[in-house]
Structure formats: C-alpha cells, structure tokens
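K.L.:
my questions are about this predicted structure, shown below with the sequence.
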Amino acid sequence: MEITTITPENRSVINGFLMKHWYSTDMAVCGEKIDMTRLEGLAVFSQGEITALLTYRIKPDHICEIISLDSLIENQGTATKLLQKVFDIARTCSCKAVKVMTTNDNLKAIGFYQKRGFDMIKLHYNSVENSRKIKPEIPFLGEYGIPLRHELEFVYDLKNPK
C-alpha cells in the first residue's frame with residue numbers, strides 16, 4: 001500500500017472523492033465551516049481510484065486536527081496506517097496532540113479512535129444544530145437510525161501516547 005500526499009496534480013480527484021462521500025467539499029465542525037479543498041491530506045489509491053483518504057490541518061496552537069478519514073476497504077489496516085502517518089507529520093510539525101471530532105451516531109469511528117489511544121475529552125452538546133446552519137445537507141438521522149445531535153472530541157497525546 002502506498003500513501004500519497006494531496007498535491008495540485010491529484011487535487012481534482014480528491015475533491016471528487018470528497019463530493020461523493022461528504023456531499024460537499026465543505027465540512028462543518030462545531031459550527032465552523034471548513035473548506036476541505038484547502039486541507040492537507042493523505043490518500044491511498046488502488047488501480048487509479050481512491051480507497052482511503054485522511055484530511056487534516058495544523059492549527060496555530062500546535063494541534064493537528066483530522067477533519068475527515070474515510071477507508072472504503074475495512075479491516076485491512078489502511079485507516080490505521082494513515083493515522084500513523086499523520087502522527088509522524090504532526091510530530092515533525094512540533095504538534096503536541098492530534099484531535100478529531102465525530103458525531104454521536106458514528107459508532108465505528110468512536111471505537112476506532114479509542115482502540116488507537118485517543119481519549120474522549122469533550123461532548124459538544126447539540127452542536128450539530130449549529131453545523132446544519134452551515135451545511136444543511138447534514139441528515140437528522142445518522143447511522144443505525146441514531147438522531148444526529150452531538151459532536152464528540154477525541155485527542156491523542158503525542159507526548160504521552162497510550
């Protein structure tokens with residue numbers, strides 16, 4: 001498996017993937033609109049098609065924030081390898097932690113991040129309501145028919161990993 005960074009040459013393919021899987025190139029996180037076409041990222045291609053994508057940004061407070069993580073082929077370790085690569089990038093950028101947000105319905109993501117040493121540090125109660133004002137295509141019902149209402153914040157401490 002070869003991990004590729006997002007470049008100007010593959011940006012249009014990346015943006016197409018984001019549109020297909022997120023219905024937009026904008027992400028809403030706790031009421032903030034994030035233009036994913038401007039984010040750094042890592043992709044895995046197979047036969048010219050993206051099979052996994054992780055987007056992130058390095059914030060001024062030395063936190064690396066994962067904005068999206070998609071792996072189309074599960075249980076092959078691809079998402080974990082992308083995560084390890086972003087940890088390396090974050091360390092190179094002198095980040096102290098990697099942060100990620102997910103919604104209350106995303107049980108797979110909640111389990112995935114906790115199994116890999118992330119701590120749940122905050123519940124952003126009813127924050128999806130504010131995000132819907134920015135991105136109205138966010139559904140009211142999420143995975144497993146769970147009402148989509150809250151965002152959960154997870155952090156991986158790069159200085160003291162678990």
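P.N.:
Alright, I've got the coordinates.
K.L.:
bridging residues for Gly41?
P.N.:
Bridge pairing for Gly41 (DSSP bridges) gives the partners Thr55.
K.L.:
I'd guessed it sits against Leu53; true?
P.N.:
Yes: Gly41 lies in contact with Leu53 (CB atoms under 8 Å); the separation is 6.3 Å. The C-beta positions use only the backbone N, C-alpha and C, and glycine is treated the same way.
K.L.:
surely Ala28 touches Ile134?
P.N.:
Yes: assessed by CB under 8 Å, Ala28 is found in contact with Ile134 at 4.5 Å.
K.L.:
element containing the residue most central in space within the chain, please.
P.N.:
With distances taken as CA atoms, centre = their mean, the residue of the chain nearest its centroid is Ser68 (2.3 Å). Assigning secondary structure by DSSP states H and E places Ser68 in strand 63-71.
K.L.:
go on, Lys108?
P.N.:
Element membership of Lys108, judged by DSSP H and E, is helix 107-115.
K.L.:
only alpha carbons, please: show the helix or strand following that helix as PDB.
P.N.:
On the C-terminal side of helix 107-115, the nearest following helix or strand under DSSP H and E is strand 119-124. C-alpha atoms of strand 119-124 as PDB (Å, rounded to 0.1, in the frame of the first residue of the first chain):
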ATOM      1  CA  ASP A 119      -9.200   9.900  24.700                       C
ATOM      2  CA  MET A 120     -12.700  11.300  24.500                       C
ATOM      3  CA  ILE A 121     -12.300  14.700  26.100                       C
ATOM      4  CA  LYS A 122     -15.500  16.600  25.400                       C
ATOM      5  CA  LEU A 123     -19.100  16.300  24.300                       C
ATOM      6  CA  HIS A 124     -20.200  19.200  22.300                       C
END
